[in-house]
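# When you get a sec, could you give me coordinates for this:
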Amino acid sequence: MEADYDVVILGAGAAGLAAGLYSTRAMLKTVILEQLGPGGQLLVTDEIENYPGFPDGIKGQELSIKMEQQATKFGAEIEYTEIVGIENIEAPIKTIKTDDRDFTCKVIIIATGGSHNKLGVEGEDALAGRGVSYCAVCDGNFFRGQDVVVVGGGDAALDEGHYLTGIVNSVTYIHRRDELRAAKVIQERAFANDKVKFLWSHVVEEFRGDNALDRALVKNLKTDELYEYPMAAAFIYVGFHPNTEYIKGILELDAGGHICTDIHMRTAVPMVYACGDARAESTRQLGAAVGDGITAALAAFHDLSSQ
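As a prediction, the model looks like this:
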């Protein structure tokens, strides 16, 4: 049986698009399968300041468009579909099952990235999309001129909170520790912003509101005091998990669900590679994701050429 494609790439984030660019330039027939839209985490990132070549920064959506255009220019196809499973993964011709058709290939490059964690508190699911959000870039404009909170204290929380300060009246960070985990330069920017407040050593116990979020029950971890804190919206940034549920039991995963690879992005299964946020020991940085994708595509080309 002939394969439909030389390479099927799962995910059109930065890693997947970089892999697609390099595999098509190596004259490998390539399709990228994506459920939502090209860009992955780029689509929910406002300003990117640490990607080489853009000294003034670049908008995440702008960069994702450019990366998509570059990959498709050299022949990569992009199909919008939901991946439901992989069959015959150890066979020479592998099958990717999606919600509308099957794709057969010689090589699989997994670049499905990850998703933001939920807090897991009462009211979170009920008020999702009605004040509870995981994407400031997507939803921030709905709360222009209002008072919002950001839950978390890492790079993503402070970056997205900084974006929000250009839209809303104030941003209050609710953080379970008494110091931030974000990079120092990002912390200094937050501390210098008059629109920013902090609730140190606090956690959210419950989100409350009738038809929309308007307050949360918060707890001071040092005093155990419980009280309601008003807010028009809550943007949650409390960690990240890889989108690898569909390959559990098929590939080796670490304790966090990330795919185990060698330095060439090879998994333990021949002709199956993983890159970007889905792989173990990822730094979750844009430049690293692009490098991972390139490495995976070059390894795949080398391995196919050696057969």
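# make it CA atoms for all contacts and neighbour counts henceforth
Fine.
# any idea how far Met67 lies from Ala76?
Relative to Ala76, Met67 is positioned 11 Å away (C-alpha to C-alpha, to the nearest Å).
# Please read the previous query as pertaining to Val149.
From Val149 over to Ala76 (counting by C-alpha to C-alpha), the distance is 41 Å.
# and if you look at Leu253?
28 Å.
# For the two, work out which one has more neighbours and name it.
Counted by other C-alpha atoms under 10 Å, Leu253 and Ala76 do not tie: Ala76 has more neighbours, with 28 against 19.
# what does the model give the more buried one for pLDDT?
Among the per-residue scores, Ala76 holds a pLDDT of 97.
# same check, this time on Val44
pLDDT, Val44: 75.
# what sits against it?
Residues counted as contacts of Val44 (C-alpha atoms under 8 Å, 6 or more residues apart in numbering) are Gly60, Gln61, Cys135, Ala136, Val137, Cys138.
# What residues does the second one make contact with?
Shown in contact with Gln61 (C-alpha under 8 Å, 6+ apart): Gly39, Leu42, Leu43, Val44, Thr45, Asp46.
# just the fifth one next, same as before
When contacts are counted by C-alpha under 8 Å, 6+ apart, Val137 is found next to Val44, Thr45, Asp46, Glu160, Tyr163.
# Looking at neighbours, which among the contacts of Gln61 is most surrounded?
Sorting those by how many neighbours each has (other C-alpha under 10 Å) puts Gly39 first, at 26 neighbours.
# Could you check how far that residue is from Leu28?
For Gly39 relative to Leu28 (C-alpha to C-alpha), the value is 22 Å.
# Run through the residues that contact the residue nearest to Asp56 when sequence neighbours are not counted.
Nearest-residue entry for Asp56: Glu49, 7.1 Å, with adjacent residues in sequence omitted and distances by C-alpha to C-alpha, 6 or more residues apart in numbering. Contact partners of Glu49, counting by C-alpha under 8 Å, 6+ apart, are Pro55, Asp56, Gly57, Ile58.
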